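> sharing a sequence plus its predicted fold:
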Amino acid sequence: MSKRYKQLVEKIDVTKAYSVEDASALVKNLVSAKFDETVEVALNLNVDPRHADQMIRGAIVLPHGTGKTVRVAVFAKGVKADEAKEAGADIVGTDDLVQQIKDGVFNFDIVVAAPDCMGLVGQIGRILGPKGMMPNPKTGTVTPDVATAVKNVKGGQVNFRVDKKGNIHAGIGKASFAADKIAENLSSFVKAINKHKPSTAKGRYIKNAALSLTMSPAVKLDIMQLAEMK
């Protein structure tokens, strides 16, 4: 453990589970990098993703955005292509965009698709899937309303998906955000996760939760408070 990291750990009471408000204020005191670190939340859920009804997946537009500039590629044609461009899409295309992706050019972060273009997208599913870029109706990235999808993604939409061990990780802001904005983003994210609680999930839904920065140790969150967020 480096001297820098030790000094950060000393600022945290490891025996304590912090409230959303206190944790959001504390992480701002854990800044140590020369760049604007991402505020990250990690949740461990009491679900078994092997069962389809316990696969937690969705999206939430955070009230204060993520602080990250997101580049969006849209598969659309005709009027939908025009709407996507007007909404601020960075790249709009069809066959040309398929070829670009096949060539390994990824000058975008998220892919949105109009339903009538999903046949094209299917050609590159094996490329987009492993990168976590495959459009999906559950995250609002396959939709007839491509303009709204682009605005949501640009405005701070966070997609989430539980992994095989029941964990969800997401960036919910930047260290430069005011503490109250971090707290509001965190609360909105947790509420979205709670709304996805499967009826078949027994016992405590959120088993563990922590907040951290890109380069900081984790701050343990009060799971009792999180459970009550609706």
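Sure, I can see it. Numbers count the residues shown, from 1 in each chain.

> contacts and neighbour counts: CA atoms only from here.
OK.

> what comes up buried for stretch 71-87?
For stretch 71-87, the neighbour count (16 or more other C-alpha atoms under 10 Å) marks 71-77, 80-81, 83-85, 87 as buried.

> return the per-residue confidence for the closest residue in space to A210 that isn't next to it in sequence.
Nearest residue to A210, sequence neighbours excluded (C-alpha to C-alpha, 6 or more residues apart in numbering): K220, at 4.4 Å. If you check K220, the pLDDT there is 98.

> for the one 5 residues further on, same thing?
Note on Q225: pLDDT of 98.

> that one: neighbour count?
Residues lying near Q225 (other C-alpha atoms under 10 Å) number 13.

> my guess is it contacts E21, does it?
No - the criterion here is C-alpha atoms under 8 Å, and Q225 misses it with E21 at 10.7 Å.

> what packs against the helix or strand hosting the residue nearest to A210?
Assigned by DSSP states H and E, K220 falls within strand 219-220. If you count contacts as 3 or more C-alpha pairs under 8 Å, 6 or more residues apart in numbering; DSSP states H and E, strand 219-220 packs onto helix 20-27, strand 206-213.

> and the first one, what's its mean pLDDT?
What that stands for is helix 20-27. Across helix 20-27, pLDDT averages out at 98.

> so it versus strand 206-213, what angle?
Orientation of helix 20-27 against strand 206-213 (axes from the mean of the first three to the mean of the last three C-alpha atoms, to 10 degrees) gives an angle of 30 degrees.

> go through the protein and flag its longest helix.
Counting by DSSP state H, the longest helix found in the chain is helix 179-195.

> and that helix, what does it pack onto?
In terms of contacts (3+ C-alpha pairs under 8 Å, 6+ apart), helix 179-195 is packed against helix 20-27, strand 57-61, strand 167-174, helix 223-227.

> same list (these) but as CSV, adding distance to P49.
Below are those laid out as CSV (distance: least, C-alpha to C-alpha, whole Å):
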stretch, distance to P49
helix 20-27, 27
strand 57-61, 10
strand 167-174, 10
helix 223-227, 20
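
> tell me where the chain has helices.
For the chain, the helices defined by DSSP H cover 3-9, 20-27, 79-87, 95-102, 118-122, 125-128, 146-154, 179-195, 223-227.

> pick the most deeply packed of the ones you listed.
Mean neighbour counts were taken over the helices of the chain using mean count of other C-alpha atoms under 10 Å, and the top value, a mean of 23, falls to helix 146-154.

> hmm, who's touching that one?
Here helix 146-154 makes contact (C-alpha atoms under 8 Å, 6 or more residues apart in numbering) with 61, 69-72, 74, 80, 83-84, 86-89, 110, 112-114, 140-141, 143.

> so what's the residue count around K164?
By other C-alpha under 10 Å, the burial measure for K164, its neighbour count, is 12.

> can you check the one 3 residues further on too?
Residue neighbour count, defined by other C-alpha under 10 Å, stands at 20 for N167.

> same check on the one 3 residues further on?
Residues lying near A170 (other C-alpha under 10 Å) number 19.

> go on, N136?
Neighbours of N136 (other C-alpha under 10 Å): 15.

> sorry, back to before: closest to L120 out of the helices and strands packed on strand 219-220?
Proximity to L120 (C-alpha to C-alpha) singles out strand 206-213 among the helices and strands packed on strand 219-220, at 38.3 Å.

> and that closest one, which strands flank it?
strand 38-45 (antiparallel), strand 219-220 (antiparallel) (DSSP bridges).

> out of these, which is the most enclosed?
strand 219-220 comes out most buried of the strands paired with strand 206-213 by mean count of other C-alpha under 10 Å, with a mean of 24.
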